[in-house]
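**Student:** Test case, fold it:
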Amino acid sequence: MVTVTHLGKLPPQRGGTGLDHWVPLAINGLDRIFFYGDSLRRKETPTLPPTLLKTLNAWKGIHTSHAFSQKVIPISPQDDDFSCGPCAINAIEHLVCPETAAIAEPHYIVNICMQIIRGIIH
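**Tutor:** Predicted coordinates for the structure are as follows:
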């Protein structure tokens, strides 16, 4: 299972109310792995936020008693306040189809936004 997950509002950096933040998440039930990435935490190894991990473990508890490991999803670093969603979508595409979907360079993320919009329009 793959999805883009909303982590909620980030703490405000320059005043305001904070920004919504989206991250890639995948579950490989066969190999018992939770995959997670974060475009804002590219230089450090991202770990699942406690609330998200608690939710995933509750889901896992319904389906299996086996332990799951965690692995990082490669993701483009975010260099603005708004491209976390397209970065997350690109990371999921790369995870599912690494031979045809490369991790985008930060300057290319705007093109991914345009591709998403074109897909919605058509």
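
**Student:** Pop out the phi and psi values for the most centrally placed residue in the chain.
**Tutor:** Taking C-alpha atoms, centre = their mean as the criterion, residue 24 is the residue nearest the geometric centre of the chain, at 1.7 Å. With angles defined as degrees, to the nearest 10, residue 24 sits at phi -80, psi 140.

**Student:** shouldn't it be in contact with residue 37?
**Tutor:** Yes - counting by C-beta atoms under 8 Å, residue 24 does reach residue 37; the two are 4.8 Å apart. Just so you know, the C-beta spots here come from the backbone N, C-alpha and C atoms, and that holds for glycine as well.

**Student:** and for those two, which residues touch both?
**Tutor:** 73, 75, 88, 91 (C-beta atoms under 8 Å, 6 or more residues apart in numbering).

**Student:** Tell me the buried residues within those.
**Tutor:** The neighbour-count test (16 or more other C-beta atoms under 10 Å) marks 73, 75, 88, 91 as buried among the shared contacts of residue 24 and residue 37.

**Student:** So which bits of the helix-or-strand element of the chain with minimal mean pLDDT are buried?
**Tutor:** Sorted by mean pLDDT, DSSP states H and E, the helices and strands of the chain end with helix 109-121, the least confident at a mean of 83. For helix 109-121, the neighbour count (16+ other C-beta under 10 Å) marks 109, 112 as buried.
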